[in-house]
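Colleague: structure of the sequence below:
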Amino acid sequence: MSNNNDKNSNPNAAAFDDGFVRDNDNDKVGADFRPQSGGVPENGLCQPRDDDDFSSLACDHETGWFAVSAGVIMGLVALLFVWFLIRRVKAYPRGNDKMNHISDKIQSGARAFLTTQYQSVAMFVLIVYIALLVLYSMDHPTTNNDAKDGARYSSSFLFGALLSALAGWRSMAIATDANVRTTQAAQDQGLSGALRVAFAGGAVTGFTVVGLGLLGLSFMFWCMTLGYQHEDNTQVVLQEAAKSIAGFGFGASSVALFARVAGGIFTKAADVGADLVGKVELDIAEDDARNPAVIADNVGDNVGDVAGMGADLFESFVGSIIATLSLSDGSIQTIMLPFWIGGAGTLASMIGFFVVKAPREHYATATTSSSTSQVQLLRALNKGVWVTSIIAVILFAVVVKVIFEGYDTLGLQLFGCICIGLVAGIAIGKVTEYFTSYSYWPTQSIAQAGITGPATVVIQGLGVGMISTVCPTIILVVTILSCNALAGDYGIATASVGMLSTLGLTLATDAYGPIADNAGGIAEMANLEKRVRDTTDALDAMGNTTAATGKGFAIASAVLTALSLMAAFEQAAGIDNNSLMLDLGDPVVFSGVMIGAVLPFLFAALTMFSVQKAAAAMILEVRRQFAQIPGLMEGTAEPDSDRCVAIATRTSIQEMILPGMYAILSPLTVGFLVGPRCLAGLLGGSIASGMMLAIMMANAGGAWDNAKKYIENEGARGGKGTDTHKACIVGDTVGDPFKDTAGPSLNILIKLMSIVSLTFAPLMQGYDEDWKYWHYGLIPLCTLIFGTWVLYLLYWRHSFDLSIELVKKGEISVANTEDELEDVPTPHDNDGEFA
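Modeller: Down below sits the predicted model:
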């Protein structure tokens, strides 16, 4: 990909009336960011034109603070809206003492896990902070050769990491409080009340993410513009600030990766352990209170699907804005646009929140019919999404008109890119809904395949996942080509901002699902009436679909963001500005593509292995407790759920290190060892293969899950307890790490590698030939090799003996398996923290 938006790289380019800059052969190379009168102004789009006294709101307030003003204001408004939503959730009752006891155990486990995880991640953050401070204090990346560059990059990284962690923590806190209130609302008010509470809880996550993202990134970007007292050109100051802000994305991506991977391993280890021993081996109900892993399973919903998703989409949201800033020419208008679009989308999302209501026919009843259709429930959420999108488009038009006053052609081009991105996100969501909702043929076909056993369930699910990649790929290709034709790389970046602009509502439709799932678990463990569980199951089944839709949305936005970050990397590393050129036929570039294409598979394999290991430890512990705790199967004894939470925490924290190390050190190794051309190929290969693999895994896992729900909720294929149902449980178990661990982690992988490359790109500008400074690449390479060896010795060479046998319902051979597990602390040791 060429550098389309760096006008200084081609001083002979000529401006045409069609709004494009062209090279010496009159070929289009990007959108025209210059006044229509022609010429390359020193002060961007605010250069006065000869034919009139040019004036606009943006140019009359050409400062860094004004550029981010909309982000600051709407960030504060979003956080005030979060306060309103929290008060709204807390106004609902929490139920009886037993329900509160169960909820408190879930909350205690979730807090203990995140505390332990953040303590581990803090060590990594501190090391990278010091490294960035030292590196960029010695080698200044800005054109002014400023000694404060080290402080800028390192503080930006630290602030991004802290806010990403805060987004995850705040999301977990409200989810673990809203779950029991949703259960009580389901009992008192039926479907409408349960949806109000769960959706409000999910909205806290959504608006916390966009509020912290807008406010934090806007404030940090303004801070990056300070300290240039000797520079009078605002355009130059804004360009330098855009370079330094890349560290913010690096910090957010790093925390998001560890949160997603560790949370995903935790939740699926507990889920698989609870399902295989409880539902398959012992034939007891899902979320049965006798199952020791049930509390850990519900904890996992919060730390993986809520906290992990919150950190993930926080990084996506700020990453799209950072990519747009990095590709800007420094004009006040192109800097303002992503902040103001993000603010407009947030306002539209707040309005859309009040549109989401349960189907009208269920308002006046406290019962839920088993025939309640997912289509009716999805319509309630889709109404909010459509209203939000329409309002957002209107606000986008106003924003673009105000910012690009006097530059109607360019404003119209960018408005088109923003709307294309928004529509593409909705379209991919609808495609994902089709492939994962049990209202449609693909998921129903998996349940049908269960008639002939679990093998055909797995085969059909893989086929559904694979074919589900076709439509999203076509949509993304059309989006990329259209936006590139309209406004080059900057246009593609604005499309990603447009897609994520309504994240407040989009994430709410995703995050409410785990709350409903927890509510169902509490209803089961508290022995509430069947109608309560039916109500929460209806919401949970819809939550599975909206979660899959959210994952598809996250993957699509990750592709556009990563592509834009890759273009920004090429610009920052000086590719195509010197003797280095990108040519796919070049062995160096193609080798990078191949390395990049295999990395998502390596990453997914490591996370899948980790889930298997963690699940094995959980299965062993659950079997041990049923074998050795007298009265547990009869319901007269309490399971030791704290020990299951501790085991899942310990294994997930251990297992997150190796995938994270490969994600961060792989691009650094290739970039410094071979050169930026090979690294650009790596980024391109990883984006393409990572997108396909992530969509396949997320959709296959979602379809497997809802095939099981189709049988359980609708009584299809004979209903619960049949061989078909058991076959679909196996498929759901296979799909769990697909959709909740490996798949969602891949979108962070491709963005993290891109933002790491962009952050360290200034150090690669001196590569005018491949292998020039190969000795620097030995540092990350040796670190990668040594780290892999150490982690293998510590965590990977040992295996569990799973020889304990279960015979029939409740008849378990009593074997002493205590020695198979090390003593591990529980959530109540050490003042609620794990050692």
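Colleague: how close does the spatially most central residue of the chain get to Leu746?
Modeller: Nearest to the geometric centre of the chain sits Asp312, at 3.0 Å (C-alpha atoms, centre = their mean). Asp312 sits 11 Å away from Leu746, taking C-beta to C-beta, to the nearest Å as the criterion. Heads up, the C-betas are built off the backbone N, CA and C, glycines and all.
Colleague: and for Val280?
Modeller: On the measure of C-beta to C-beta, Val280 and Leu746 end up 28 Å apart.
Colleague: tell me which of the two has more neighbours.
Modeller: Neighbours per residue (other C-beta atoms under 10 Å) separate Val280 from Leu746, with Leu746 holding more: 29 against 14.
Colleague: mind checking which helix or strand the more buried one is in?
Modeller: Leu746 belongs to helix 743-760 when elements are defined using DSSP states H and E.
Colleague: against which helices or strands is that helix packed?
Modeller: helix 246-274, helix 309-327, helix 530-572, helix 587-628, helix 657-673, helix 676-714 (3 or more C-beta pairs under 8 Å, 6 or more residues apart in numbering; DSSP states H and E).
Colleague: tell me the secondary structure for Ser639?
Modeller: For the record, residue 639 is Pro, not Ser. coil (DSSP: H, G, I helix; E, B strand; the rest coil).
Colleague: circling back to that earlier point, could you check the angle helix 530-572 makes with the helix holding Leu746?
Modeller: 30 degrees (axes from the mean of the first three to the mean of the last three C-alpha atoms, to 10 degrees).
Colleague: and helix 743-760, what's its mean pLDDT?
Modeller: Average pLDDT, helix 743-760: 85.
Colleague: pull the residues that contact the next helix or strand after it.
Modeller: With elements assigned by DSSP H and E, the helix or strand that comes after helix 743-760 is helix 774-791. By C-beta atoms under 8 Å, 6 or more residues apart in numbering, the surrounding residues in contact with helix 774-791 are 657-658, 661-662, 665-666, 668-674.
Colleague: report the buried residues of helix 774-791.
Modeller: 777, 780-781, 784, 791 (16 or more other C-beta atoms under 10 Å).
Colleague: next: stretch 757-771.
Modeller: Under 16+ other C-beta under 10 Å, the buried positions of stretch 757-771 are 757-765, 767, 770.
Colleague: and of those, the nearest to Met220?
Modeller: For the buried residues of stretch 757-771, the residue nearest Met220 by C-beta to C-beta is Thr759; the value is 14.2 Å.
Colleague: my guess is the closest one meets Phe248, correct?
Modeller: No - taking contacts as C-beta atoms under 8 Å, Thr759 lies outside contact range of Phe248: 9.7 Å.
Colleague: need the residues touching each of those two.
Modeller: Common neighbours of Thr759 and Phe248 (C-beta under 8 Å, 6+ apart) are Phe157.
Colleague: let's have the buried residues of stretch 757-771 in JSON lines, adding distance to Leu162.
Modeller: Listed next are the buried residues of stretch 757-771 as JSON lines, based on distance: C-beta to C-beta, whole Å:
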{"residue": "Ser757", "distance to Leu162": "23"}
{"residue": "Leu758", "distance to Leu162": "20"}
{"residue": "Thr759", "distance to Leu162": "17"}
{"residue": "Phe760", "distance to Leu162": "21"}
{"residue": "Ala761", "distance to Leu162": "24"}
{"residue": "Pro762", "distance to Leu162": "24"}
{"residue": "Leu763", "distance to Leu162": "25"}
{"residue": "Met764", "distance to Leu162": "28"}
{"residue": "Gln765", "distance to Leu162": "29"}
{"residue": "Tyr767", "distance to Leu162": "33"}
{"residue": "Asp770", "distance to Leu162": "38"}
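Colleague: skipping adjacent residues, who's closest to Gly465 in space?
Modeller: Leaving aside its sequence neighbours, Gly465 sits nearest to Ala700 (C-beta to C-beta, 6 or more residues apart in numbering; 2.7 Å).
Colleague: quick revisit: of all the helices and strands packed on helix 743-760, which one comes closest to Val204?
Modeller: Closest among these, using C-beta to C-beta: helix 309-327, at 9.7 Å.
Colleague: and the helix or strand following the closest one with helix 309-327, angle?
Modeller: Next along the chain after helix 309-327, taking DSSP H and E as the criterion, comes helix 332-353. Going by the same axes, to 10 degrees, helix 332-353 is angled at 150 degrees with respect to helix 309-327.
Colleague: quick one: helix 332-353 to chain centroid distance?
Modeller: Mean C-alpha position of helix 332-353 versus that of the full chain (C-alpha atoms, centre = their mean, to the nearest Å) differs by 20 Å.
Colleague: can you check stretch 552-568 too?
Modeller: 11 Å.
Colleague: quick one: mean pLDDT over it.
Modeller: Per-residue scores along stretch 552-568 average to 85.
Colleague: show me what counts as buried in it.
Modeller: 552-568.
Colleague: can you give me the helices in the stretch 1-150 of the chain?
Modeller: Assigned by DSSP state H, counting those that start in this stretch, the stretch 1-150 of the chain shows helices spanning 57-60, 64-67, 69-90, 97-138, 149-224.
Colleague: out of those, indicate the one that is most buried.
Modeller: With neighbours defined as mean count of other C-beta atoms under 10 Å, the helices of the stretch 1-150 of the chain peak in mean count at helix 149-224, which reaches a mean of 26.
Colleague: quick one, it and helix 332-353 angle?
Modeller: Going by the same axes, to 10 degrees, helix 149-224 makes 60 degrees with helix 332-353.
Colleague: the residue nearest to Gly465 is in contact with Ala742, isn't it?
Modeller: No - between Ala700 and Ala742 no contact is recorded; they are 10.9 Å apart, counting by C-beta under 8 Å.
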